[in-house]
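the sequence isn't on hand, but the structure is:
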């Protein structure tokens, strides 16, 4: 039964990371393609008081930090690398910082709540011993 629970938890973590990757890469790409924010319904007025004149740099950070890096962590979890769980924790921390910065800047978007739930889910799943100490593939199936 322990093996089955570990597999379910691992797949749940992969699903949570996967949806974050898709959302971050899509959002980052949209901001890189249209730094004005037009593709995602943002105005550059929201950037007043920040060092940015458009969404090019935030789009790049979004795509790399919350898109590409979590893809590497997803692969680590999938292939049962020992560092995968700490990578997942770092993704949750990065996502929480992203939300904190958005709130500090004044972005009040429904995705903030989804992102906080995603970060919490990643933390809870990554903290489970079955994720922290992955078994060999041959033993799990």
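Arrived safely, thanks for sending. Everything numeric here is computed off the predicted structure, so don't read it as measured data. Residues are numbered from 1 along each chain as shown.

remind me, longest helix of the protein?
Secondary structure assigned by DSSP state H gives helix 2-33 as the longest helix of the chain.

what is the mean pLDDT for that one?
The predicted model gives helix 2-33 an average pLDDT of 91.

whichever helix or strand comes after it: how far from the chain's middle?
Going down the chain from helix 2-33, the next helix or strand is helix 56-63, by DSSP states H and E. Centroid separation for helix 56-63 versus its chain: 14 Å, with CA atoms, centre = their mean, to the nearest Å.

buried ones in helix 56-63?
57, 58, 59, 61, 62, 63 (16 or more other CB atoms under 10 Å). The C-beta positions use only the backbone N, C-alpha and C, and glycine is treated the same way.

now whichever helix or strand comes after it and helix 2-33, what's the angle there?
Following helix 56-63 in sequence order, the next helix or strand is helix 69-78 (DSSP H and E). Put simply, helix 69-78 runs at 160 degrees to helix 2-33, going by axes from the mean of the first three to the mean of the last three CA atoms, to 10 degrees.

quick one: contacts of whichever helix or strand comes after helix 69-78?
As assigned by DSSP H and E, the chain's next helix or strand after helix 69-78 is helix 84-105. For helix 84-105, the external contacting residues (CB atoms under 8 Å, 6 or more residues apart in numbering) are 13, 17, 20, 46-47, 49-50, 62, 65-66, 69-70, 72-73, 76-77, 109, 112, 115-116, 118-120, 122-123, 125-127, 131-132, 134.

of these, buried ones?
When the contacts of helix 84-105 are checked for burial by 16+ other CB under 10 Å, the buried set is 13, 17, 20, 46-47, 62, 65-66, 69-70, 73, 76-77, 115-116, 118-119, 122-123, 125-126, 131, 134.

dump the buried residues of helix 56-63 to CSV, plus distance to residue 90 and pLDDT.
Shown next, in CSV, are those (distance: CB to CB, whole Å; pLDDT from 0 to 100):
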residue, distance to residue 90, pLDDT
57, 21, 95
58, 19, 94
59, 21, 96
61, 15, 96
62, 16, 96
63, 17, 98
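
looking at the residues you listed, spot the one nearest residue 32.
residue 59 (4.4 Å; CB to CB).

contacting residues around that closest one?
27, 28, 29, 30, 31, 32, 35.
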